[in-house]
Structures are given as C-alpha cells and as structure tokens.
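Undergrad: Let me see the structure of the following:
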Amino acid sequence: MAGPDRPARRDDGRPSLLERAVDRVPFLEKELFLLRRLVRPGDVCVDVGAAGGAHLLVMAAGVGPHGRVLGFEPRPGSLAMLRRLVGLSRLGDRVTLHQLALSDAEGTLPLRIPVVPTRAHFHGATDDRRATAAFGRLPHREIEVPTARLDDVVARAGLSRVDLVKCDVEGAELRVLAGASRVLDEHRPVVVLEADDLHQVRANATSADVLAAVVAHGYRAYRYRRGAIEPVDGPVPGEDDYLFVPTERDVPVSERRGASAVDRV
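TA: The predicted model follows:
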C-alpha cells in the first residue's frame, strides 16, 4: 500500500528552457511537464476529467508496463476519442477508462455540454445568474451522466495503492475531494488539481476553499513555476494549478525556497 514508507520520488534534473518559460506561453499546459516529473514506473495514477487525453497519455507513458492509469471522463464523445488515442498509443494494457463523473455520491447528474468546443460542466449550486453567465448562456445540450465516489471505485477495483491524482473538473473539485477522503487519508497520493474562482463560484465556493479542503487531509500546497515548485499558503493571483504533497513526504521535484509574494505572482 502507498504511504509514508514508500521511497520518495525525486527529480534532480535541470528543467529545459521550454519548461522554465512555459508560464509565459498561455496555450501550453505546464502541469504536463510536472506530471512527467512526478510519475514513476509502477505507479497507479488517477486522471479525473481526462478530456482530450494529453495528461492521461503522459501518465500512461510514465507508469510503464507494470503501472496503471484510471481515466474518468463523463462525456461520451470525449470518451470515444480517448479510447482511440489510447489504442493508437499502444498503451491500452495499462489504462482503464470509465464513463463516470467522480463526485461525492453515487447517482446521476445533468451535464451541460456547450455546442462550441469548450469544457462541459455541471449546473452548480449558486442561484446568481450573473456570476455564471459565462457558462449558463452558451448554447448547449444536457445529458444525464453517472456519478461515483473515487473511494468506492478504488475499493471495488481492489487497488492497494494510489500514487497520484490529477483533477480538473471545471468547478466540481470540492465534490470530487469529498468522495475521495479515504484515498487521501489512506493512500496518500500526490495531488495535481485545478482551482480558480471563475469556476468555483458556481458551487458557491472559492479557490481558497479547494486548497483548504486538500490541506485539511494533511497536505502541503505548492505551485509549479519555471521548472520548480514553490510553497504557497493560499491561492496565488493568476495561478490555476496546484500541487499537493502529504506532509510526511519529501517534495517529489526541485523546490524553490524563499519566494516572495511578488515572485509568486
């Protein structure tokens, strides 16, 4: 079982020039570089909100033939594309795809899928139409999708370890975390998670609420910037993606210490 006795994952290599500059290139997703450093052969990884599959394929390549990746994507069209990508990559022996939306309970939820190519999302809990106008007024269709708790999926699969969880679910992160409390407490995975106020407002929450929900399980929060991680004590302006490491573990990549509040912006 994964836990504090597992050997710490380190990366002493120097980041590439592209990796150091990626924060300045808006269309590049820097967490892809981070995942490449975090994932180790034999790991068990979870991709919550697999979408186009870029993160899932990085994880699948990293875990090697003895590792495993569980991908969760509720949209039928995206899931079909993921299956084709996994087949073309010849990594299907280490990937299991689930047409599920991970949440805080088993059941179903209406998923709003915009007609224009952008992210799907759930309705959320807020009644403030002005706060959600950017989401609610887009032309869209709705489908009912099955939901499940990550704790239950991991238990049913008989997994003895979960090493890494990546989560990007357009504002439903708090629901996912609520359904993953046992995984966080017992398996102690590294967590790569998106949190921004624009999406969290639909759940009457903030990015600070999301960070606090992970930290409450005994985690330290970091941001990834220019090839190194920096400790943070709350949301950073302009930052959407955060890394969380169990407090009993060493940091898995190079840490930049002493960053000032100005440096972190």
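
Undergrad: beta partners of the residue nearest in space to the middle of the chain?
TA: By Cα atoms, centre = their mean, the mean C-alpha position of the chain lies nearest to residue 167, the distance being 2.0 Å. Note on residue 167: beta-bridge partners by DSSP bridges are residue 48, residue 193.

Undergrad: wait, what's in contact with it?
TA: 48, 49, 173, 176, 177, 191, 192, 193, 194 (Cβ atoms under 8 Å, 6 or more residues apart in numbering). C-beta coordinates here come from the backbone N, C-alpha and C atoms, glycine included.

Undergrad: Just the helices from this structure, written as ranges.
TA: 17-21, 31-38, 54-63, 76-89, 133-136, 150-157, 173-178, 181-182, 197-200, 207-215, 261-264 (DSSP state H).

Undergrad: Could I get those helices in CSV, plus columns for distance to residue 95, mean pLDDT and mean neighbour count?
TA: Listed next are the helices of the chain as CSV, based on distance: least, Cβ to Cβ, whole Å; pLDDT from 0 to 100; neighbours: other Cβ atoms under 10 Å:
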stretch, distance to residue 95, mean pLDDT, mean neighbour count
helix 17-21, 25, 43, 14
helix 31-38, 15, 90, 21
helix 54-63, 5, 94, 23
helix 76-89, 5, 90, 15
helix 133-136, 30, 54, 15
helix 150-157, 13, 97, 17
helix 173-178, 20, 96, 22
helix 181-182, 23, 98, 15
helix 197-200, 27, 84, 20
helix 207-215, 25, 97, 19
helix 261-264, 35, 34, 10
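
Undergrad: between those helices, which gets nearest to residue 235?
TA: Residue 235 lies closest to helix 207-215 among the helices of the chain, at 4.3 Å (Cβ to Cβ).

Undergrad: Remind me what the closest one packs against, helices and strands.
TA: helix 173-178, strand 190-194, helix 197-200, strand 219-225, strand 241-246 (3 or more Cβ pairs under 8 Å, 6 or more residues apart in numbering; DSSP states H and E).

Undergrad: got the angle for the second one vs strand 219-225?
TA: Direction vectors for strand 190-194 and strand 219-225, defined by axes from the mean of the first three to the mean of the last three Cα atoms, to 10 degrees, enclose an angle of 60 degrees.

Undergrad: Nearest to residue 185, out of the contacts of residue 167: which one, please.
TA: residue 177 (11.6 Å).

Undergrad: Enumerate every residue touching the residue nearest to the closest one when sequence neighbours are not counted.
TA: Spatially, and ignoring its direct neighbours in sequence, residue 177 is nearest to residue 213 (4.9 Å; Cβ to Cβ, 6 or more residues apart in numbering). Neighbour list for residue 213: 174, 177, 178 [criterion: Cβ under 8 Å, 6+ apart].
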